[in-house]
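Q: any chance you can model this:
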Amino acid sequence: MLPVVAGEASTRRHILLYTLILVPLGVAPWVFGFAGRLYGLTAAVTGAIMLALACHVFGERQPAERAAGSCLRSRSSICFCCLPCCWSSAGGAG
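A: Numbers count the residues shown, from 1 in each chain. The predicted structure follows:
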């Protein structure tokens with residue numbers, strides 16, 4: 001996904017594609033009954049945030065130095081750090 005290797009347009013497409021794949025996978029434990037409602041709600045909300053940020057990056061046409069990619073990286077780390085906490089506090093897979 002490095003813009004230097006394949007270009008910025010390709011990188012933006014990959015970010016959107018990977019997000020479209022990972023958001024349903026993040027909600028899957030709740031859908032299949034391995035996690036509680038708190039996990040499901042948190043996964044759905046943070047997945048929606050990630051998808052919105054990925055769409056923003058995909059639609060942006062600024063140079064890479066000023067693109068929203070840095071915003072996406074920092075917020076994605078914060079969003080997905082809370083998922084394991086919610087899963088464990090809601091009883092997890094046990």
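Q: next, the buried residues of the helix or strand hosting residue 9.
A: With secondary structure defined by DSSP states H and E, residue 9 is part of helix 8-31. For helix 8-31, the buried set under the neighbour-count rule, 16 or more other C-beta atoms under 10 Å, comprises 8, 11, 12, 15, 16, 19, 22, 23, 26, 27, 29, 30. Glycine gets a C-beta too; all of them are placed from N, C-alpha and C.
Q: so the first one versus residue 55, what's the distance?
A: In this case it means residue 8. Residue 8 is 16 Å from residue 55, where distance means C-beta to C-beta, to the nearest Å.
Q: what do you get for the third one?
A: Applying C-beta to C-beta, the value for residue 12 to residue 55 is 10 Å.
Q: roughly how far does residue 34 sit from residue 43?
A: On the measure of C-beta to C-beta, residue 34 and residue 43 end up 11 Å apart.
Q: what's the answer for residue 55, then?
A: Using C-beta to C-beta, residue 55 is found at 18 Å from residue 43.
Q: so which residues of this protein form helices?
A: 3-6, 8-31, 37-59, 69-89 (DSSP state H).
Q: rank those by pLDDT, which is bottom?
A: For the helices of the chain, mean pLDDT drops lowest on helix 69-89, to a mean of 58.
Q: which one's more surrounded, residue 34 and residue 43?
A: Each of residue 34 and residue 43 has its neighbours counted (other C-beta atoms under 10 Å); residue 43 has more, 26 against 13.
Q: the more buried one contacts residue 26, doesn't it?
A: Yes - using C-beta atoms under 8 Å, residue 43 makes contact with residue 26 at a distance of 4.6 Å.
Q: ok, back up a step: could you work out the most separated pair of the buried residues of helix 8-31?
A: For the buried residues of helix 8-31, with distances taken as C-beta to C-beta, the pair at the greatest spread is 8 and 30 (34.6 Å).
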